[in-house]
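> Need coordinates for the below:
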Amino acid sequence: MAGQWVPRDHDELTAGWRLWLELGSSVWPRPGWNGSPDEAVRGLCELLDSCDRILTDYLASGGPADAEVAGLIRSMHLAASWIRELWSGDTTPLDGERLALLHGDLAGFAEHALGVRTLLAEGGGWASLMR
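Alright, predicted model coming up:
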């Protein structure tokens, strides 16, 4: 993901830091995964809930809706919404083909999340924490 993020104030920096921390959590299935697509995307759904809380808190503190950090948060929904729509509620056991599709979907989202996380780290001044 190309670009640059520079927080305009302390509130945006704080929201960026919170998002950066959340994006450090794994969207991959957890060790106790039951093998269903629904369970596989549970971490992704929880991440989006966290993004909603970060954006709500940022806007409630007076942050503008057009701030860059708000756009970065919204991008997480754009990158994940179709994955959530496709796989949430799907409890059909995965065969090799569906497993590959699910893996590809999650890998694509993880790539987007890493790009956002990198932008946040560089703009927020904590890039050294990503090494």
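> what secondary structure does the residue nearest to E12 when sequence neighbours are not counted sit in?
Spatially, and ignoring its direct neighbours in sequence, E12 is nearest to V69 (4.9 Å; CB to CB, 6 or more residues apart in numbering). From N, CA and C alone the C-beta is placed, and that goes for glycine too. Here V69 takes the helix state, with states given by DSSP: H, G, I helix; E, B strand; the rest coil.
> what's near enough to touch V69?
The contact partners of V69, taken as CB atoms under 8 Å, 6 or more residues apart in numbering, are W5, P7, E12, A15, G16, L19, Y58, G63.
> And the pLDDT at it?
pLDDT, V69: 97.
> same deal with L23?
pLDDT at L23 comes out at 94.
> Residue numbering should commence at 16 henceforth.
Yep, numbering from 16; the last one is L38 now.
> Please list all residues in contact with the closest residue to it other than its chain neighbours.
Using CB to CB, 6+ apart and skipping residues adjacent in sequence, the residue nearest L38 is R132, 4.4 Å away. Residues near R132 by CB under 8 Å, 6+ apart: W35, L38, G39, M145.
> residues near the first one, how many?
Right, the one you point to is W35. By other CB atoms under 10 Å, the residues close to W35 number 21.
> And the host helix or strand of R89, what's buried?
Here R89 sits within helix 83-102, counting by DSSP states H and E. In terms of neighbour count (16 or more other CB atoms under 10 Å), helix 83-102 has its buried residues at E83, V84, A85, L87, I88, S90, M91, A94, A95, I98, R99, W102.
> pLDDT averaged over the longest helix seen in the chain, what's the number?
In the chain, taking DSSP state H as the definition, the longest helix is helix 111-139. Confidence over helix 111-139 (mean pLDDT, whole number) is 94.
> Then stretch 89-104?
Across stretch 89-104, pLDDT averages out at 95.
> what about dumping the CA coordinates of it to CSV?
Extracted in CSV, the C-alpha atoms of stretch 89-104 (Å, rounded to 0.1, in the frame of the first residue of the first chain):
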residue,chain,number,x,y,z
ARG,A,89,-13.0,2.4,6.8
SER,A,90,-10.6,0.7,4.4
MET,A,91,-10.5,-2.3,6.8
HIS,A,92,-14.2,-2.7,6.3
LEU,A,93,-13.9,-2.4,2.5
ALA,A,94,-11.2,-5.0,2.4
ALA,A,95,-13.1,-7.4,4.7
SER,A,96,-16.8,-7.0,4.1
TRP,A,97,-17.1,-9.4,1.2
ILE,A,98,-15.0,-12.0,3.1
ARG,A,99,-17.3,-11.7,6.1
GLU,A,100,-20.3,-11.9,3.8
LEU,A,101,-19.0,-14.9,2.0
TRP,A,102,-17.8,-17.0,5.0
SER,A,103,-19.6,-16.0,8.1
GLY,A,104,-22.3,-18.4,9.0
